[in-house]
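With the input below, show me the fold.
(one chain, ligands or ions: 2)
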Amino acid sequence: MAEPPAIISVQGVSKRFGGITAVDRVSLDIRQNEFFALLGPSGCGKTTLLRMLAGFETPDEGGVLIDGQDMTDVPPNRRPVNMVFQSYAVFPHMSVFDNVAYGLRVANTPSGEIGERVHEALAMVRLSEQAERKPDQLSGGQRQRVALARALVKRPKVLLLDEPLSALDAKLREAMQLELVRLQHTVGITFIIVTHDQHEALSMANRIAVMEAGQVRQVDGPAQLYEFPGSRFVADFIGKMNLFPARVVDRKGTELMVEVEGLGRLTLPGQAPHLGGPCGVEVPVGQDVGIAVRPEKVHIHSDGVPDGRIALRGRVSEVAYFGDASHVYLRLDSGQVISANIRNETRTSDPSVRAGEVLWCSWDPKDTLILDR
Ligand SMILES: Nc1ncnc2c1ncn2[C@@H]1O[C@H](COP(=O)(O)OP(=O)(O)O)[C@@H](O)[C@H]1O
Ligand SMILES: [Mg+2]
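Ligands and ions are numbered 1, 2, ... in the order given. I've put the predicted structure just below:
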C-alpha cells in the first residue's frame, strides 16, 4: 500500500539566535492525518521548529513545504496551519461563541457562514451546550477546548499544538490527552504536538520525533521508539533503562558475545539493525557498547531462575512503592545497581522483596539492547 503523501516536509532547516543553534539541519516528513509529536528536553528547539511551520520564524537554512507548496514567502495568516499556544488565551469578556467566532470576523468571513462554522467547531470539542457562557463559567479543560475550537474553526490542514496541556493538573491532563486523540480522529486533519513529556507523546502520537540540541535523533512509532531505541540518548530519555558498559568480544553467526564490566560474559541473540546507534549484527568485534535492559523486563526470584534467562544475584537496597507497581533496586555482587519493576498483582505482595534480602534477578536475552556508550 502506498504511503499517504507528506502534508509537511521540513527540508534541511536550521535556525540560529545569535550564537545558539536552536534548530540544526532538521529534515522531516509528516504525513496526512498523522498525530505527530515533537518530543525532547526543554530548550532542544521544539517550539522554534513549530514556529517555523507556522511562519512566525524564518529558517536561516532550508525550507518548509506544506501540502506540496513552498512556504518561504507565505506569511503566517496565509498558511493552511493554525497554532494553539502554550499559554492559551481566551477573551474573558466574550462568550464562548464570540471567542470562537472572533477569528472568522477578523478575516471578514460572511456573517451567514460564521454561525454554522462556530457551531460545527463547538460540536467537535463538545462545547455546544456552553456556547453562551463566559470563560469564567468554564472549567480549565473546557477553556482549553475553547482554544482548540478557535483554531479548528479556521479549518486548517494542520493543527500545531505547543505543550497544550502543560497548564492542566494531572487528572485533567490525562482526560484531555484522550480528548485530543478523539478530536484528531473526528476532524481528520494532521495534529503536530510539542511536548517534553514522554508519556504524553507515547500515549497520543502515532509517530514521534525525538529531538536533542536542535537535531532530530530518531523518528518512529511509540512502541518502536520504546523497545528499539537507536541510541543511548533516546533510550534514556524515553522511559528508564538499566545500562552496563560492555565490549563486543566475539560473534558466532548472528549471536554476539559481550564482556560486560562487572558481570562477565553474555551471549546475546542477533538484533535487527535499525536507525541510530550501533546495534546487533552491525557492531564489530572490539567495539565498546552499552548493554541495556528496561526495568519491567527484569524479573525478581527468591530462588530458581528459569533456564535460558540471564541471571544475576544481588541484595535489595531499596523498594519504592507506587501502589500498582514497586521499583526494586538490587545491588549486584559486582557493586552495580539494577532496577526491576514488579507489578503488585495481589494485595499481599511477596514479603521476601524488601531491603536487605538476597535475591536473583533475570531477563530474557532477547530483551537486551545494544546501544552506543
Ligand atoms: N527568540 C529567541 N531569541 C533567542 N534565543 C531563543 C529564542 N527562541 C528560542 N531561543 C533559544 O533557542 C533554543 C531552543 O528554544 P525552544 O525552541 O524554545 O526550545 P523548546 O521549545 O524545545 O524548549 C533555546 O536555547 C532558547 O533559549
Ligand atoms: Mg517550547
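
rest of the way, CA atoms for contacts and neighbours
Fine.

what about Ser339, neighbour count?
26 (other CA atoms under 10 Å).

Relative to ligand 1, how far out is it?
Computed as CA to the nearest ligand atom, to the nearest Å, the Ser339 to ligand 1 distance reads 30 Å.

Ok, Trp363 next?
Taken as CA to the nearest ligand atom, the span from Trp363 to ligand 1 is 35 Å.

Next, give phi and psi for Val100.
Note on Val100: its backbone torsions stand at phi -70, psi -30 [degrees, to the nearest 10].

Correction: the previous question concerned His327.
His327 adopts backbone torsions of phi -100, psi 120, taken as degrees, to the nearest 10.

Show me which residues of the protein are close to ligand 1?
On the criterion CA under 6 Å from any ligand atom, ligand 1 has as its neighbours in the chain the residues 17, 22, 42-48.

contacting residues for the residue of the stretch 101-250 of the chain found nearest ligand 1?
Taking CA to the nearest ligand atom as the measure, the point where the stretch 101-250 of the chain comes nearest ligand 1 is Gly214, at 7.1 Å. Under the criterion of CA atoms under 8 Å, 6 or more residues apart in numbering, the contact partners of Gly214 comprise 21-24, 26, 44-46.

Out of those residues, list just those in helices.
With helices identified by DSSP state H, the entries of the contacts of Gly214 that belong to them are Lys46.

Compare the contacts of Gly214 and tell me which is most surrounded.
Counting neighbours by other CA under 10 Å, the one among the contacts of Gly214 with the most is Lys46, which has 30 neighbours.

State the distance from that residue to Val328.
Here the criterion is CA to CA, to the nearest Å. By it, Lys46 lies 34 Å from Val328.

Any regions of the stretch 51-200 of the chain where pLDDT drops low?
Residues of the stretch 51-200 of the chain meeting the criterion pLDDT under 70: 86-88.

Which stretches in it count as helices?
Along the stretch 51-200 of the chain, the stretches classed as helices by DSSP state H, counting those that start in this stretch are 96-106, 111-124, 140-152, 170-187, 198-204.

most tightly surrounded among those?
helix 140-152 (a mean of 23; mean count of other CA atoms under 10 Å).

now the angle from that one to helix 111-124?
Helix 140-152 runs at 140 degrees relative to helix 111-124, counting by axes from the mean of the first three to the mean of the last three CA atoms, to 10 degrees.

Next, the residues that contact helix 140-152 from outside, please.
Residues lying outside helix 140-152 but in contact with it, judged by CA under 8 Å, 6+ apart, are 82-84, 88-90, 96, 99-103, 118, 121-122, 124-125, 127, 135, 159, 164, 168, 172, 176.

Does Pro135 touch Phe97 like I think?
No - applying CA atoms under 8 Å, one finds Pro135 not in contact with Phe97, separated by 10.4 Å.

if I pick Val289, what's in contact with it?
Contact criterion CA under 8 Å, 6+ apart gives 245-248, 278, 370-373 as the residues in contact with Val289.

Could you do Asn33 as well?
Going by CA under 8 Å, 6+ apart, Asn33 touches 184, 188-191.

Any chance of those residues in JSON lines with distance to Asp333 as columns?
Shown next, in JSON lines, are the contacts of Asn33 (distance: CA to CA, whole Å):
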{"residue": "Gln184", "distance to Asp333": "51"}
{"residue": "Gly188", "distance to Asp333": "55"}
{"residue": "Ile189", "distance to Asp333": "54"}
{"residue": "Thr190", "distance to Asp333": "51"}
{"residue": "Phe191", "distance to Asp333": "49"}
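
ranking those by neighbours, who comes first?
Compared across the contacts of Asn33, Phe191 has the highest neighbour count, 27 neighbours, by other CA under 10 Å.

Surely that residue and Pro164 touch.
No - under the criterion of CA under 8 Å, Phe191 makes no contact with Pro164, lying 11.8 Å away.

What sits closest to the most centrally placed residue in the chain if chain neighbours are left out?
If you average the C-alpha coordinates of the chain and look for the closest C-alpha using CA atoms, centre = their mean, you land on Ala201, 3.1 Å from that point. Counting by CA to CA, 6 or more residues apart in numbering, Ala37 is the residue found nearest to Ala201 once chain neighbours are left out, at 5.9 Å.

do Arg315 as well
If the residues on either side of it in the chain are set aside, Arg315 comes closest to Val358, at 4.3 Å by CA to CA, 6+ apart.

Great, nothing more from me.
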